[in-house]
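> Sequence and computational prediction follow.
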Amino acid sequence: IARSGTLTIEQIFAQAFHEAVYAPVMATLSRAAFARIDARRNGYDNDVDLAALKAAIRAATDVGAATQVGEEKKSSVGVYRNDFERAYVGWLRELYCVRAAAEFSSPSTYLEWVEGRLDLELALADAVLLRRSVELVRDAVKEELINTFAQPILAHPDYGCDALLKAWKTTDVARMFRLTKHDEDSFFDMAHIMQRRIEAELSELHAQLRATGSATVDKHLCFARDIGELNVKYDRLIQDHFEHSSRFHDSCASAFDDGLTAAALRGAVLALVDAWRRGTGSEAVDTPVLRAAVRVFIDVDTAAAASRGALPELSAADLLIYTGEFEDGYLDSLRDWCKARRRCLESQVPPHAYLKRALSTQATELALARDILHPSSVERVRHVAEEELLS
């Protein structure tokens with residue numbers, strides 16, 4: 001007969017069973033499960049029946065839940081979390097805390113090893129543990145293998161982020177991004193390293209431009225082409241391997257926003273456009289190169305824009321940057337060209353033929369604007385050409 005403040009016979013039996021049978025059986029089962037999983041992990045026994053292990057753990061935790069005594073009873077999942085999951089994650093942390101230091105002695109293959117181990121542990125967790133445990137396993141493995149070594153990994157002189165970008169090992173740098181992206185400090189550090197790498201490559205292009213004395217059409221062409229290709233290269237890297245991250249895109253844009261780069265590129269593009277207009281070296285000046293170079297002044301995803309075949313509308317802030325850094329200079333150059341063209345036509349053709357030639361010049365400028373400039377520039381080009389040629 002139950003009395004207030006005492007246990008019933010059933011409760012006394014359940015408590016005794018829980019302490020004398022369930023607790024030691026669960027401890028033994030956990031050790032056995034860990035050993036069998038470790039054998040499967042290390043390839044000693046690929047025939048380990050993981051489904052049977054999962055069923056045994058589930059049965060044991062059901063027994064543990066059923067034989068609890070007290071007011072604060074846990075569910076079967078609660079017993080699983082307390083009596084098995086916690087021990088499993090702790091064991092996993094101890095295992096990789098020791099293993100990581102040894103593996104990091106070979107930094108060239110460390111991240112590849114980490115990715116393989118992470119995939120393996122998630123597969124084992126998915127096969128043996130409850131679904132909620134998988135993320136805990138992911139976090140534990142990453143914390144022991146990645147977060148602890150994140151800074152040495154990113155900064156390594158031979159296998160770090162800058163070295164991989166310099167050698168353009170996109171598979172390796174993509175792996176580095178996947179494994180470090182959830183650590184906020186590492187995520188921002190990697191974006192910053194990428195920005196510094198772009199700036200270093202831009203500096204090399206500036207040095208090449210200055211290296212051989214006076215600028216020529218060929219030098220301007222090489223500079224504009226190389227800058228445009230560099231912009232596309234990193235935009236595609238961000239899109240294909242950095243999950244189209246806005247943080248990495250901002251870092252890329254910041255590198256190209258350097259005033260020296262903007263001034264040099266603007267000068268190169270305007271010189272090439274002038275050569276194209278005058279027919280001096282125009283056979284080497286192709287509009288795809290000019291188009292790619294102009295895209296550097298537009299703060300949008302170059303690779304995505306190229307795949308769409310047209311640029312989207314610019315925000316007010318981006319339009320202001322594009323106008324100030326490039327369009328104003330382009331329109332000033334166009335104005336000078338139209339004035340010179342008008343003087344030339346007025347001195348060479350009779351008045352009745354002037355209009356036809358002037359309209360032809362305007363049409364040529366509008367076609368070029370549609371090909372290489374942002375769509376917002378076309379009407380401004382039309383206005384300048386009309387004002388200087390037809391007013």
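It's in. A quick note: this is a predicted structure, and the numbers were derived from the prediction, not measured.

> contacts and neighbour counts: CA atoms only from here.
Fine.

> hmm, which helix or strand of the protein has the shakiest average pLDDT?
In the chain, no helix or strand scores lower on mean pLDDT, DSSP states H and E than helix 302-308, which sits at a mean of 44.

> in this structure, which residue is closest to the centre?
F242 (1.9 Å; CA atoms, centre = their mean).

> so that residue makes contact with A174?
Yes - with contacts counted by CA atoms under 8 Å, F242 reaches A174, the gap being 6.7 Å.

> Would you mark the buried spots in stretch 39-48?
Residues R40 are the ones in stretch 39-48 that count as buried (16 or more other CA atoms under 10 Å).

> next one: stretch 133-146
133-134, 136-146.

> how far does the longest helix seen in the chain sit from the chain's center?
Assignment by DSSP state H gives helix 184-211 as the longest helix of the chain. Centroid separation between helix 184-211 and its chain, computed with CA atoms, centre = their mean, to the nearest Å, is 15 Å.

> immediately after that helix, which helix or strand?
Moving toward the C-terminus from helix 184-211, the next helix or strand (DSSP states H and E) is helix 217-241.

> same for that following helix, what does it pack against?
helix 170-180, helix 184-211, helix 246-256, helix 259-278, helix 287-295, helix 302-308 (3 or more CA pairs under 8 Å, 6 or more residues apart in numbering; DSSP states H and E).

> Turn those into CSV, including distance to A385 and mean neighbour count.
Below are the helices and strands packed on helix 217-241 laid out as CSV (distance: least, CA to CA, whole Å; neighbours: other CA atoms under 10 Å):
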stretch, distance to A385, mean neighbour count
helix 170-180, 46, 19
helix 184-211, 32, 17
helix 246-256, 30, 19
helix 259-278, 14, 18
helix 287-295, 20, 21
helix 302-308, 28, 15
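
> In CSV: these, plus distance to A20.
CSV is the format used below for these (distance: least, CA to CA, whole Å):
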stretch, distance to A20
helix 170-180, 44
helix 184-211, 47
helix 246-256, 57
helix 259-278, 76
helix 287-295, 74
helix 302-308, 66
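
> mean pLDDT lowest for which of those?
Lowest mean pLDDT within these: helix 302-308, at a mean of 44.

> quick one on the thing from earlier: so which of the helices and strands packed on helix 217-241 is nearest E346?
Closest approach to E346 among those (CA to CA): helix 259-278, 17.2 Å.

> Which elements pack onto the closest one?
By 3+ CA pairs under 8 Å, 6+ apart, helix 259-278 packs against helix 184-211, helix 217-241, helix 287-295, helix 328-348.

> Distance to A369 added to these, as JSON lines?
Formatted as JSON lines, the helices and strands packed on helix 259-278 follow (distance: least, CA to CA, whole Å):
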{"stretch": "helix 184-211", "distance to A369": "26"}
{"stretch": "helix 217-241", "distance to A369": "17"}
{"stretch": "helix 287-295", "distance to A369": "10"}
{"stretch": "helix 328-348", "distance to A369": "10"}
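
> closest to D250 out of these?
helix 184-211 (8.8 Å).

> Look up the residues that both of F242 and A174 are in contact with.
Residues touching both F242 and A174 (CA atoms under 8 Å, 6 or more residues apart in numbering): none.

> Of the helices and strands packed on helix 259-278, which is nearest E387?
Closest to E387 of the helices and strands packed on helix 259-278, according to CA to CA: helix 328-348, at 8.8 Å.
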